[in-house]
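>>> Generate coordinates for the sequence data below:
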Amino acid sequence: GKAERFQALCDDMLYQMKRYFDPSITQPIIDMIRHPLDKFIHSKSNIFMKRLRKGRVVQGHGSLLPEHIHIQGETVRLLSPHEVYKKYSVLDAAHDVATLMVQLIVGGEPDLADHFLLKYKESSKDRDLDSILPAYQTYCALKYGVLTCEKKVALQDESLGTVALEYFNLATRFSRTISKG
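Numbers count the residues shown, from 1 in each chain. Prediction:
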């Protein structure tokens with residue numbers, strides 16, 4: 001809920017990213033991401049507290065991935081893996097929205113991501129979402145890029161490097177829209 005906490009999470013992901021790729025690849029990406037994030041966090045730090053006051057920091061899902069969503073007829077179930085602890089699920093609702101959108105985009109479903117966002121905005125009436133969502137999308141893309149790198153190393157699967165770069169490039173794309181939010 002606080003700008004400083006979000007800044008620390010972003011800084012950690014940018015640092016982790018350096019561990020997996022040659023600096024000639026990662027440094028330009030890091031620079032393109034860090035500047036808009038830092039500028040947003042420092043110039044718009046009040047939006048984090050505003051969202052906390054407006055009840056947008058909630059006990060959310062914490063890991064809203066497509067594989068955790070099960071639809072049967074009109075019933076939609078959001079399953080949560082056991083490794084997601086409660087402390088990781090108290091977050092800005094924009095985090096869950098960003099997580100699902102990033103996963104849908106990387107999964108080749110950008111239209112579904114846009115449709116989800118439209119329906120979420122209609123039902124939540126979250127007027128501040130557009131101003132903060134690009135920052136959360138950037139963070140989520142970074143996080144899943146790093147997690148994919150960790151999986152690449154653990155499984156010794158070089159093909160996952162391409163997927164990780166896709167996440168990092170998506171983070172760069174989202175970071176370009178931060179100031180426009």
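>>> CA atoms for contacts and neighbours, from now on please.
Will do.
>>> so how far is the stretch of helix or strand residue 35 belongs to from its chain's centroid?
Secondary-structure assignment from DSSP states H and E places residue 35 in helix 23-43. Distance, stretch centre to chain centre, for helix 23-43: 15 Å (C-alpha atoms, centre = their mean, to the nearest Å).
>>> How about stretch 115-123?
17 Å.
>>> What's the separation between residue 174 and residue 135?
7 Å (C-alpha to C-alpha, to the nearest Å).
>>> Between these two, point out the one with more neighbours.
residue 135 (30 against 21; other C-alpha atoms under 10 Å).
>>> residues touching the more buried one, list them.
37, 40, 174, 175, 178 (C-alpha atoms under 8 Å, 6 or more residues apart in numbering).
>>> Need the residues you listed in CSV (columns: distance to residue 149 and pLDDT).
Below are those laid out as CSV (distance: C-alpha to C-alpha, whole Å; pLDDT from 0 to 100):
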residue, distance to residue 149, pLDDT
37, 22, 94
40, 27, 93
174, 20, 97
175, 20, 95
178, 25, 91
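>>> For the next helix or strand after the helix holding residue 35, which residues meet the burial criterion?
As assigned by DSSP H and E, the chain's next helix or strand after helix 23-43 is helix 45-53. Neighbour counts using 16 or more other C-alpha atoms under 10 Å place 45, 47, 48, 49, 51, 52 of helix 45-53 among the buried residues.
>>> elements contacting the helix or strand in which residue 168 is found?
Using DSSP H and E, residue 168 sits within helix 159-175. Contact analysis of helix 159-175 by 3 or more C-alpha pairs under 8 Å, 6 or more residues apart in numbering; DSSP states H and E lists helix 23-43, helix 129-155 as its packing neighbours.
>>> looking at the protein, which helix or strand is least sure?
Counting by mean pLDDT, DSSP states H and E, the chain has its least confident helix or strand at helix 86-89, which shows a mean of 54.
>>> still on that earlier bit, which other helices and strands does the helix holding residue 35 contact?
Using 3+ C-alpha pairs under 8 Å, 6+ apart, helix 23-43 sits against helix 3-18, helix 129-155, helix 159-175.
>>> Could you provide those helices in CSV, with additional columns for distance to residue 56?
Shown next, in CSV, are those (distance: least, C-alpha to C-alpha, whole Å):
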stretch, distance to residue 56
helix 3-18, 14
helix 129-155, 9
helix 159-175, 21
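>>> Which of these comes out lowest on mean pLDDT?
Per-stretch mean pLDDT for these is lowest at helix 3-18 (a mean of 90).
>>> what's next to that one, contact-wise?
So helix 3-18 is in contact with 26-27, 30, 34, 38, 41-42, 45-46, 48-49, 139, 142-143, 145-146, going by C-alpha under 8 Å, 6+ apart.
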